[in-house]
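In: Everything below, folded, please.
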Amino acid sequence: MNYFNVKYLPEALHFIEAQETKARNKILYNVSLSSQVKDANLFKKLTDEIWEFRTLYSKSYYRLLAFWDKDQKAMVFCTHGFEKKKSKTPKNEIARAEHFRELYFENNRKEK
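Out: Numbering: from 1, shown residues only. Presented below is the predicted three-dimensional model:
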């Protein structure tokens, strides 16, 4: 059973494609798994609007930030990714995800 579906914005795809094969596969596996099980180690809420897909592979912490589009039933959009160095998610990365979210909804409203 899937709790939600995932779509990737271009920046998220670019990040994933830039990773070595085994890391890329683990990131995609964790995103897929997180849509099937509720586990904060895989998918965690950071702010009211921004969520984080979490992957640990070979002592590296990979993060994909995302948001929900509640108009599209059970749809999560990954905005971008980064390799995490510290325990807290950098505020500039959260701000970047919020910016992508705003752009998405601005463009989505124009199309309706």
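In: C-alpha only now, for contacts and for neighbours.
Out: OK.
In: what's the burial count for residue 60?
Out: By the measure other CA atoms under 10 Å, the count of residues near residue 60 is 12.
In: if I pick it, what's in contact with it?
Out: 83-84 (CA atoms under 8 Å, 6 or more residues apart in numbering).
In: Grab the longest helix from the chain for me.
Out: helix 91-111 (DSSP state H).
In: Show me what it is in contact with.
Out: The contact list for helix 91-111, computed with CA under 8 Å, 6+ apart, reads 49-50, 65-67, 79-80.
In: Just the residues you listed: which are in strands?
Out: 65-67, 79-80 (DSSP state E).
In: quick one: which of the residues you listed has the most company?
Out: Most surrounded of those: other CA under 10 Å gives residue 66, at 31 neighbours.
In: count of residues packed around the residue nearest to that one when sequence neighbours are not counted?
Out: Counting by CA to CA, 6 or more residues apart in numbering, residue 78 is the residue found nearest to residue 66 once chain neighbours are left out, at 4.1 Å. Residue 78 has 26 neighbouring residues, counting by other CA under 10 Å.
In: Might you report the residue contacts of residue 88?
Out: No residues are in contact with residue 88 under the rule CA under 8 Å, 6+ apart.
In: In a helix, it, correct?
Out: No: Residue 88: not assigned to a helix; according to DSSP: H, G, I helix; E, B strand; the rest coil it is coil.
In: Tell me where this structure is predicted with low confidence.
Out: Within the chain, the segments meeting pLDDT under 70 span 110-112.
In: so residue 16 is in which element?
Out: With secondary structure defined by DSSP states H and E, residue 16 is part of helix 10-18.
In: Not counting that helix itself, show me its contacts.
Out: Contacts of helix 10-18 (CA under 8 Å, 6+ apart): 24, 27, 64, 78-82.
In: can you check stretch 79-86 too?
Out: For stretch 79-86, using CA under 8 Å, 6+ apart, the contacting residues are 8-13, 15-16, 60-67, 97, 100-101.
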